[in-house]
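Visitor: I'd like to go over a predicted model; first the sequence, then the structure.
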Amino acid sequence: MFGFLNPFSRINSAFPFRFHDGGREAVGFKGGAGDCVVRSIAIAANLPYMQVYEDLRLANETYASLKNDRLAKRLNVKGSSPRNGNHRNVFHDYIIGLGFRWVPTMKVGVGCQVHLRADELPKGILIVKVSKHLTSVINGVIYDTHDPSRGGNRCVYGYYIKT
């Protein structure tokens with residue numbers, strides 16, 4: 001339209017993407033799984049996939065045996081395998097223990113303020129929480145099995161940053 005920019009349009013600042021399975025295939029796992037928590041931690045913390053997998057399996061098992069809430073009951077029924085997904089109640093302390101700090105980016109009643117975009121997140125080593133998914137962002141590049149950015153429009157609930 002005659003060279004005018006729409007002031008409401010966004011310049012695409014989506015992160016570059018690189019395929020990385022966190023070492024999952026190298027240890028013999030095949031097919032899809034709900035293991036984004038394991039993969040993102042293994043990538044961002046530079047740890048072996050099986051170490052993170054086993055640590056989270058044990059953390060799930062411990063949580064299920066010590067707590068008496070819906071999550072614990074689900075873990076007891078579904079199993080403590082990180083392949084089935086991990087709950088924030090379990091993985092949060094694990095990530096913090098690896099030297100990361102949690103930075104929330106969403107507040108109740110305010111709506112989405114930060115998106116999975118290069119111009120809205122800091123540089124460094126991040127584990128980013130988006131809806132039903134964790135992904136690794138390292139120095140401005142997404143490392144995952146797929147590009148979860150939705151073209152830079154995916155809302156970020158918060159991120160863990162390596163301190």
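Guide: That came in fine, so what should we check first? As the structure is a prediction and not an experimental result, all values here were calculated from the model. Numbers count the residues shown, from 1 in each chain.

Visitor: Looking at strand pairing, list the partners for the most centrally placed residue in the chain.
Guide: Taking C-alpha atoms, centre = their mean, the centroid of the chain lies closest to residue 134, which sits 1.5 Å from it. Beta-bridge pairing of residue 134 under DSSP bridges involves residue 129.

Visitor: again with the one 4 residues further on
Guide: Beta-bridge pairing of residue 138, defined through DSSP bridges, involves residue 125, residue 141.

Visitor: Ends of stretch 144-162, what's the gap?
Guide: End-to-end distance of stretch 144-162 (C-alpha to C-alpha, to the nearest Å): 18 Å.

Visitor: Let me see the mean pLDDT of it.
Guide: Averaging pLDDT along stretch 144-162 gives 93.

Visitor: For that stretch, could you pull out the residues that count as buried?
Guide: 144-145, 147-149, 152, 154-156, 159-162 (16 or more other C-beta atoms under 10 Å). All C-beta spots, glycine's among them, are computed from the backbone N, C-alpha and C.

Visitor: Among those, which one sits closest to residue 127?
Guide: Nearest to residue 127 among these, counting by C-beta to C-beta, is residue 160 at 4.2 Å.

Visitor: State the mean pLDDT of stretch 24-33.
Guide: 85.

Visitor: end to end, how far does it reach?
Guide: 10 Å.

Visitor: could you dump the buried residues of stretch 144-162 to TSV with distance to residue 27?
Guide: Below are the buried residues of stretch 144-162 laid out as TSV (distance: C-beta to C-beta, whole Å):
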residue	distance to residue 27
144	18
145	15
147	24
148	23
149	27
152	32
154	29
155	32
156	29
159	26
160	23
161	27
162	24
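
Visitor: Out of those, list just those in strands.
Guide: The strands, defined by DSSP state E, take in 144, 156, 159, 160, 161, 162 from the buried residues of stretch 144-162.
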